[in-house]
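Peer 1: Have a look; sequence and predicted model below, questions after that.
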Amino acid sequence: MHLFNGIFSYIGLQFFADYNSKLLESSNYITRRQAIKLLGDILLDRSNSVVMTKYVSSMDHLRILMNLLRESSKTIQIDAFHVFKLFVANQRKPSDIINILVANKNKLLRLLADVKPDKEDESFEADKAQVVREIVSLKP
């Protein structure tokens, strides 16, 4: 069992490294848009909680998501937010993730103020308000 977990961990890490560099950081808008949507679908599926926890413990993944929040495309911003909120909501955030969030607190709060869906969405607004509260409350 330990061998399987070790192999899965390596393959998972390599998969996300490739996914990030080839898809989320692609110069092609459609590729980025579909990749962030799929990533959100994967990570938000409760059956993938172990994978999600590993993903949201990575500084590199957080950096990419923070950059996607800056996209001019509202669709990408919204889908990136749904993944970004997992980093913030993680009750066992590694200290390096906390440090990045604290160091970028003001920028993140400004970015999040601009992230708005095209149609009114109470669930999205509630999630965003919770993320903002969490970020404001973070201490180094």
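Peer 2: Received, thanks.
Peer 1: Output the below-cut-off pLDDT ranges for this protein.
Peer 2: Along the chain, the model assigns pLDDT under 70 to residues 1-13.
Peer 1: 90 - rerun?
Peer 2: Low-confidence segments of the chain (pLDDT under 90): 1-21, 42-43, 45-52, 54, 116-120, 139-140.
Peer 1: Now do the helices in it.
Peer 2: Counting by DSSP state H, the chain has helices at residues 2-19, 29-44, 49-55, 59-69, 74-89, 95-103, 105-114, 122-137.
Peer 1: Looking at the ones you listed, which one is packed in the most?
Peer 2: A comparison of these by mean neighbour count, using mean count of other Cβ atoms under 10 Å, puts helix 74-89 on top with a mean of 20. Any C-beta I mention is one placed from the backbone N, CA and C, and that applies to glycine too.
Peer 1: Show me what that one packs onto, helices and strands only.
Peer 2: Where contact means 3 or more Cβ pairs under 8 Å, 6 or more residues apart in numbering; DSSP states H and E, helix 74-89 is packed against helix 29-44, helix 59-69, helix 95-103, helix 122-137.
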